[in-house]
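# give me the fold of what follows.
(one chain, ligands or ions: 1)
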Amino acid sequence: MAILIDGKAVSLAERELIKEQVSKMAVKPGLAVILVGEDPASQVYVKNKKLGCAAVGIYSESYDLPAETTQEELLALIEKLNVKEDIHGILVQLPLPKHIDETAVINAIIPEKDVDAFHPVNVGKIMTGDYDFLPCTPAGVMCLLKHYNIDPAGKECVVVGRSNIVGKPQAMLLLHANGTVTICHSRTKDLKAKCLAADILVVAIGKADFITGDMVKEGAVVIDVGINRKADGKLTGDVDFASVEPKASYITPVPGGAGPMTITMLLKNTVKAAELKGE
Ligand code: NAP
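Numbers count the residues shown, from 1 in each chain. Below you'll find the model as predicted:
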C-alpha cells in the first residue's frame, strides 16, 4: 500500500511558516488579484487566493472586472498596480475572455510583481536556475517531495504534460533537483513504456483517471496534478487512483494532494516579492 501524500497537511504547515515570516515584516506584503468575467471556477480560485492571503496576514486587493472589459482597460490597471507601493504581487486569473491577448497581459506585469512566474523574464530565470519566483503548481509538487524526503537526484522522473504553467516548469525543477527527466505529451509514442520507467511520475494532462496501474512501475512515486470534474460532480485526478495506489510507494490523492499547494506557493511568492523590494 502506498503512503498518501497529504497536501492539505503540508500546505497548512507551510502556511504557518509564511504567517510567522509575515508577522516579522515591517511592511505587510500586498497582492492584487484581478478577475475578468464571471467564470465560476475562476471565481472559486480567486476567492480561495484571497482567503489564503487573509489567513497568513498578506494584504489583498480585488479587482472584479466585467467580461466586456477591454484589453486597454486591463493593461491600464496593471500599469497602475505595477507602481502601487503597497502591492508587491499582481495576479491575473486565467483564462481571460477571448478578446483579450493573454500574452500581452502576462508581459505587462513587471517581473518583480509577477508572482505567478509567467513573465518571460521569470520563465527564463527558471530555465537557468537563477530564479526569484517559482511557478506555483510545480513548486508545490517540489515542496511535497521535500516534505516526504523524496529526493529526485539520480531518479528517472517522467512528466506527462508539457503546458507552460505545469509540465515544462515541472520538468525544469526536477532537472534542477538532479533528476533524469523525460517529458511526455499527446504525440509521445508508447506512453506506457515511458511511464513504466518512472521512479517519480508527475501527471498533468487534464484527462480523468488516464494513467492506470499497468502504466506504473512497482514502488514509483506518483504525483497527480490533474483536477477533473466527473459527471456526478466529484473531483478526480489524471491518475486512476484505485489501480495505481497498490503499486505506488507514495501517491497524491485528488483532491487533497497537489491542489492545496498551489495557492500556498503563491503566498510564498508574494512574501518573496515584498522581501526583494526590501520590505
Ligand atoms: P493543458 O494546458 O491542457 O496541457 C495538457 C498537456 O497534457 C498537454 O501538454 C498535452 O499534450 C498533454 N496531453 C493531453 N492528452 C494527452 C495524452 N493522451 N497523452 C499524453 N499527454 C497528453 O493542461 P494544464 O494547464 O497543464 O493542466 C493539466 C491538469 O492539471 C488539468 O487537469 C488542470 O486542471 C490541472 N491543474 C491543476 C493545478 C493545481 O492547482 N493543482 C494547476 C494547474 C493545472 P500536447 O502538448 O501534445 O497537447
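
# for the residue nearest the centre of the chain, helix, strand, or coil?
With distances taken as CA atoms, centre = their mean, T137 lies nearest the centre of the chain, 1.6 Å away. Per DSSP: H, G, I helix; E, B strand; the rest coil, the secondary structure class of T137 is helix.

# the chain should start at 274 in everything you say after this.
Okay, using 274 as the starting number, the last item reads as T410.

# measure it to Q316 for me?
Separation of T410 from Q316 (CB to CB, to the nearest Å): 19 Å. From N, CA and C alone the C-beta is placed, and that goes for glycine too.

# D513: what's it in contact with?
Contacts were defined as CB atoms under 8 Å, 6 or more residues apart in numbering; by that measure D513 touches 482-486.

# relative to the ligand, which residue of the stretch 274-423 of the chain is the closest?
T410 (4.1 Å; CB to the nearest ligand atom).

# got a list of what the closest residue to V439 other than its chain neighbours touches?
Nearest residue to V439, sequence neighbours excluded (CB to CB, 6 or more residues apart in numbering): A477, at 4.1 Å. Neighbouring residues of A477 by CB under 8 Å, 6+ apart: 410, 432-434, 436, 439-440, 443, 498-499, 511.

# please enumerate the strands of the stretch 324-473 of the chain.
Here the stretch 324-473 of the chain has its strands, by DSSP state E, counting those that start in this stretch, at 332-338, 362-365, 429-433, 453-457, 473-476.

# give me the mean pLDDT for stretch 289-299.
Here stretch 289-299 scores 98 as its mean pLDDT.

# contacts for that stretch, please.
301-302, 328-331, 537, 540-541, 544, 547-548, 552.

# put the alpha carbons of it into CSV.
As requested, the backbone C-alpha atoms of stretch 289-299 are provided in CSV (Å, rounded to 0.1, in the frame of the first residue of the first chain):
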residue,chain,number,x,y,z
GLU,A,289,2.2,28.5,9.4
LEU,A,290,5.8,29.3,8.4
ILE,A,291,4.6,32.0,6.0
LYS,A,292,2.4,33.6,8.7
GLU,A,293,5.3,33.7,11.1
GLN,A,294,7.6,35.3,8.4
VAL,A,295,4.9,37.9,7.6
SER,A,296,4.4,38.8,11.2
LYS,A,297,8.1,39.8,11.5
MET,A,298,8.0,42.0,8.4
ALA,A,299,7.9,45.8,8.8
